[in-house]
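J.: Sequence first, predicted coordinates after that:
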Protein chains: 2
Amino acid sequence: MNIVELVENMARAARQASFEMSRLSSTVKNNLLLTMADTLEKQTPRLISENAKDIQAGKEKGLSYAMLDRLTLDAERIQGMADGLREVAALPDPVGEVTKMWKRPNGLMVGKMRIPLGVIGMVYEARPNVTSDAAALCLKAGNAVILRGGKEAINSNLAIAAALRDAMKACGAPSDALSLIPVTDRQGVMEMLKQEDMIDLIIPRGGEGLIRFVTENSRIPVIKHYKGVCHVFVDETADFDMAEKIIINAKTQRPGVCNALETILVHHSVAATFIPRITATLTSMGVELRGDDSFCSHAPQAGLADEDDWYAEYLDLILACRVVDSLDQAVEHINRYGSLHTEAIITGDYVNAHRFIRDVNSSCVLVNASTRFADGNQLGLGAEIGISTTKLHSFGPMGLEDLTTTKFIVYGDGQVRE
Amino acid sequence: MNIVELVENMARAARQASFEMSRLSSTVKNNLLLTMADTLEKQTPRLISENAKDIQAGKEKGLSYAMLDRLTLDAERIQGMADGLREVAALPDPVGEVTKMWKRPNGLMVGKMRIPLGVIGMVYEARPNVTSDAAALCLKAGNAVILRGGKEAINSNLAIAAALRDAMKACGAPSDALSLIPVTDRQGVMEMLKQEDMIDLIIPRGGEGLIRFVTENSRIPVIKHYKGVCHVFVDETADFDMAEKIIINAKTQRPGVCNALETILVHHSVAATFIPRITATLTSMGVELRGDDSFCSHAPQAGLADEDDWYAEYLDLILACRVVDSLDQAVEHINRYGSLHTEAIITGDYVNAHRFIRDVNSSCVLVNASTRFADGNQLGLGAEIGISTTKLHSFGPMGLEDLTTTKFIVYGDGQVRE
């Protein structure tokens, strides 16, 4: 069978299985996830030996130490995957929730009920644990899922998917609701992106190249995440201790992630007092500073920022810094250079907190808290399938609810339209 | 200026204006819509004289009487457009609603707040009233809108858009939040569909050709509506009077619209009693019947249906008819041949009503009511920008809320991530 037929058949089978998945009770779905967790644990030796093939191939290809580390499965990481499945099993089931219901003048009761999206395609790179994490969330929300992982992890991914399907068969669940495309060249992705009659949503996770490729070639809706250029605005009434603690946390706790801080904006009226203090601390922690003229006049160790710095997602111990005249100018800077990801204000002023929350239309807007909280687990979604920086369907960290849609349900007693 | 520059400039100006729109209070937006209504009324003579150019051109091109009628503006229709604007002004403003809020263990308060989508592109054909209807909904939800109407109505649309922009200027609102592409060839649409950095959503309204063209060429998310193959399932416990009343209403009240009935499924245990009765009535009303073997055995006047009939959106006085063995078979038929639009069950049985609501994943599922209620106004959304038959973002009739998204808002008092 060639790749075209293979993907077509897989998508058709997934669509069929999705009808069955959509009707499973929460109890049945939870048992399924718990059985999957047990099966991963039981198949640990097999998963490790299949993973060894990927590690060997990776070494031969000269992958970096960091890449090889991300690729490696050991008993502890497999345990982590199993625990992840159990955590998703413990989350509330979004399917069937009636989010609201109202009565029409003619007596019709009209409501909106959460239902699964149908079939979800996940395209990802790197870590093999995404295979079980993504499967858990998609299945719990009553969907079928088609996975397409990176070529470096192909043997590991195939082994994980096979274990999960074993568990589905053991539970009598439709195993076609979980499949993995065994081909790792771009054609596998391309064929997937053409199945608009069978697949409802594509979620790409990985580098910008992968995400652009998927966006440009998909006929299916894509929920994507480009970059995170996160800002902290230090208002004139900011508590300096709090501002320092939050900036240090947001910039240095894990600089390589999308919700790490990239630019600070400081109100001019506190520039002379706050900048020397914060820059001394940042410099002592190895953070390189790039400021505008005004900022640099208070921080001799800072280099001069150019226009590119305002757009930059450094993902590194570098921070762009600017002095602004007002809250309005801070908002304008964020609207112009930001990526709609996450922004915070540090303020003691009620009116400014209120206005920042209202006027900044990024996916996550915080008052007096670190940008690092822009994460599904931290915000209380339970688990995260990704972060959307586009506004359609979902905006910001996505949990189980984001893998559902709503249908209208209408209860009548014979009403017809006049 | 060429069309490429023109659309780019329009989109950039709309993006800028959208920031201002997103911050307007409900009072300001409502006043704006009321001023627009007054302005349309005041400019009635000018709108009618511009419309006359389109009618003249349409006659010369040999447009059908029905097309010319749809194109025509008179004082009454302009009054209708003004009333439409006033109705949207009276609807609640979705922007700023906090749909939920919860507390995290570390004391953070996390909520989801409705915000405008940003810039919406409407691509439509035919009736010039869509220009003001769509503008009203997009602006009320705090968005900017770029309109691209059909070439038959270009002079009417330009005059309506100019009147609406006059009103915006008179109110001090950013008039770039409403613009109309003055070029009506496909290139105007193509350029619009490339502005993925400036436009957040495209809504096409019109024939299947237009919708496919937009879907296949857009880099921007599209919410679309293909067809409505709506079903009524007559269960074994159906009240025959109610079933007949609903079927007649759904099929004949307005056969040319997407929520009209196209296929009935009759439970075999009532086939012998219900089919002769309903077919006599339908035939007397001029409805052509196409049934499966079993159905035809109870209805001599029915022709034999073939596979294509189950997929057909007739939009005419034709009805496909099938006898099914069970509720399950009815659901399976709907899943296989349906268009995810609207389906109804007529039943007296609690369990079957419950199962039909749960198992049919169309955008609107009704018990004991006509499929003709699948409409934003009828369901109580206030006004309708379109109907989505794809599941992302919105599914089913779309109102003001569907022109918004939500951002996370987080209130802290100095929390950082451990």
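T.: Thanks, I have the structure now.

J.: going forward, measure contacts and count neighbours with C-alpha atoms only.
T.: Will do.

J.: Just want the residue of chain A that's nearest chain B.
T.: Going by C-alpha to the nearest C-alpha, chain B is nearest to A:His393 of chain A, at 3.6 Å.

J.: Tell me who's in contact with the closest residue in space to A:Gly380 that isn't next to it in sequence.
T.: Of all residues not flanking A:Gly380 in the chain, B:Arg104 sits nearest, at 6.8 Å (C-alpha to C-alpha, 6 or more residues apart in numbering or on different chains). Residues near B:Arg104 by C-alpha atoms under 8 Å, 6 or more residues apart in numbering or on different chains: A:379-380, B:110.

J.: and of these, the nearest to A:Asn259?
T.: Closest approach between the contacts of B:Arg104 and A:Asn259, by C-alpha to C-alpha: A:Leu379, at 12.7 Å.

J.: Inside helices: which ones of the contacts of B:Arg104?
T.: The helices, defined by DSSP state H, take in A:Leu379 from these.

J.: from the contacts of B:Arg104, which has minimum pLDDT?
T.: Lowest pLDDT within the contacts of B:Arg104 is found at A:Gly380 (93).

J.: Pull up the gap between that residue and A:Phe373, please.
T.: Distance, A:Gly380 to A:Phe373, using C-alpha to C-alpha, to the nearest Å: 10 Å.

J.: which helices and strands sit right next to the least confident helix or strand in chain A by mean pLDDT?
T.: Here the helix or strand of chain A ranked lowest by mean pLDDT, DSSP states H and E is helix A:208-217, holding a mean of 88. Helix A:208-217 is packed against helix A:186-193, strand A:201-205, with contacts defined by 3 or more C-alpha pairs under 8 Å, 6 or more residues apart in numbering or on different chains; DSSP states H and E.

J.: In chain A, where is pLDDT below threshold?
T.: Chain A contains no residues with pLDDT under 70.

J.: Longest helix in it, please.
T.: What stands out as the longest helix in chain A, according to DSSP H, is helix A:3-23.

J.: That one and chain B, are they touching?
T.: Yes. Using C-alpha under 8 Å from any C-alpha of the partner chain, we find that helix A:3-23 touches chain B at A:22-23.

J.: what's the answer for stretch A:400-409, then?
T.: Yes. Using C-alpha under 8 Å from any C-alpha, stretch A:400-409 reaches chain B at A:405-409.

J.: neighbour-wise, which of these leads?
T.: Compared across the residues of stretch A:400-409 next to chain B, A:Lys407 has the highest neighbour count, 29 neighbours, by other C-alpha atoms under 10 Å in any protein chain shown.

J.: which residues does that residue contact?
T.: Neighbouring residues of A:Lys407 by C-alpha under 8 Å, 6+ apart: A:112-115, B:361-365, B:395-396.

J.: Which secondary structure element is home to it?
T.: Using DSSP states H and E, the element containing A:Lys407 is strand A:404-415.

J.: Domains in chain A, by residue range?
T.: What the record gives for chain A is the domain set A:3-224+A:397-409, A:230-378, from automatic domain parsing.

J.: With distance to B:Met122 added, can I get those in JSON lines?
T.: Converted to JSON lines, those look like this (distance: least, C-alpha to C-alpha, whole Å):
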{"stretch": "domain A:3-224+A:397-409", "distance to B:Met122": "18"}
{"stretch": "domain A:230-378", "distance to B:Met122": "22"}
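
J.: how far does stretch A:296-306 sit from the chain's center?
T.: How far stretch A:296-306 lies from its chain's middle: 34 Å, per C-alpha atoms, centre = their mean, to the nearest Å.

J.: Show residues contacting it.
T.: Outside stretch A:296-306, the residues within contact range by C-alpha under 8 Å, 6+ apart are A:271-272, A:275-276, A:279, A:288-293, A:320-321.

J.: Flag every buried residue along it.
T.: By neighbour count with 16 or more other C-alpha atoms under 10 Å in any protein chain shown, stretch A:296-306 contains the buried residues A:296, A:298-299, A:301-305.

J.: ditto for stretch A:393-400
T.: A:393-400.

J.: now stretch A:260-274
T.: A:260-268, A:270-272, A:274.

J.: Close to chain B: what parts of the stretch 51-200 of chain A are there?
T.: A:96, A:104, A:110, A:115, A:117, A:200.

J.: Turn the buried ones among the residues you listed into a named ChimeraX selection, would you?
T.: This is how ChimeraX selects the buried members of those, with burial counted by 16+ other C-alpha under 10 Å:
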select /A:96,110,115,117,200
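
J.: now the residues of the stretch 51-200 of chain A next to chain B as CSV including distance to B:Pro174?
T.: Output for these, formatted as CSV (distance: C-alpha to C-alpha, whole Å):
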residue, distance to B:Pro174
A:Gly96, 42
A:Arg104, 37
A:Val110, 37
A:Ile115, 39
A:Leu117, 38
A:Asp200, 37
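
J.: Which two among the residues of the stretch 51-200 of chain A next to chain B are spaced furthest apart?
T.: Maximum distance among these (C-alpha to C-alpha): 31.5 Å, for A:Arg104 and A:Asp200.

J.: for A:Val4, what are its contacts?
T.: A:Val4 makes contacts with A:188, A:191, as judged by C-alpha under 8 Å, 6+ apart.

J.: what's the answer for the one 4 residues further on, then?
T.: Residues touching A:Glu8, when contacts are defined by C-alpha under 8 Å, 6+ apart, comprise A:191-192, A:195.

J.: mind redoing it with 10 Å?
T.: A:14, A:191-192, A:194-195, A:198 (C-alpha atoms under 10 Å, 6 or more residues apart in numbering or on different chains).

J.: cool, A:Thr371 as well?
T.: A:Thr371 neighbours (C-alpha under 10 Å, 6+ apart): A:230-232, A:246-247, A:249-251, A:258-261, A:341-345, A:364-365, B:410, B:415-417.

J.: same thing but 7 Å
T.: Listed by C-alpha atoms under 7 Å, 6 or more residues apart in numbering or on different chains, the contact set of A:Thr371 reads A:250, A:259-261, A:342-344.

J.: Likewise for A:Thr263?
T.: Per C-alpha under 7 Å, 6+ apart, neighbours of A:Thr263: A:230-232, A:319-321.

J.: Kindly report the same for A:Pro92.
T.: Counting by C-alpha under 7 Å, 6+ apart, A:Pro92 has no contacts.

J.: Before we go further, it is sitting in a strand, right?
T.: No. A:Pro92: not assigned to a strand; according to DSSP: H, G, I helix; E, B strand; the rest coil it is coil.

J.: Distance check, the nearest residue to A:Asp402 once chain neighbours are set aside against A:Met198.
T.: Distance criterion C-alpha to C-alpha, 6+ apart; nearest residue to A:Asp402, sequence neighbours excluded, is A:Ser394 at 6.4 Å. Distance, A:Ser394 to A:Met198, using C-alpha to C-alpha: 21 Å.

J.: sorry, back to before: out of the domains of chain A, which gets nearest to B:Gly386?
T.: domain A:3-224+A:397-409 (14.6 Å).

J.: distance of the spatially closest residue to A:Val214 that is not a sequence neighbour from A:Ile334?
T.: Of all residues not flanking A:Val214 in the chain, A:Pro204 sits nearest, at 7.0 Å (C-alpha to C-alpha, 6+ apart). From A:Pro204 across to A:Ile334, the span is 26 Å (C-alpha to C-alpha).

J.: Just the CA atoms from stretch A:262-275 would do, formatted as PDB, please.
T.: The C-alpha trace of stretch A:262-275 is given here as PDB (Å, rounded to 0.1, in the frame of the first residue of the first chain):
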ATOM      1  CA  GLU A 262      11.600  39.100  26.500                       C
ATOM      2  CA  THR A 263      11.000  42.800  27.000                       C
ATOM      3  CA  ILE A 264      10.500  45.100  30.000                       C
ATOM      4  CA  LEU A 265       8.800  48.500  29.700                       C
ATOM      5  CA  VAL A 266       9.500  50.900  32.600                       C
ATOM      6  CA  HIS A 267       7.400  54.000  33.300                       C
ATOM      7  CA  HIS A 268       9.600  57.100  33.000                       C
ATOM      8  CA  SER A 269       8.800  58.400  36.400                       C
ATOM      9  CA  VAL A 270      10.400  55.400  38.100                       C
ATOM     10  CA  ALA A 271      13.200  55.000  35.600                       C
ATOM     11  CA  ALA A 272      15.900  56.700  37.600                       C
ATOM     12  CA  THR A 273      15.100  54.700  40.800                       C
ATOM     13  CA  PHE A 274      14.100  51.300  39.400                       C
ATOM     14  CA  ILE A 275      16.400  50.800  36.500                       C
END
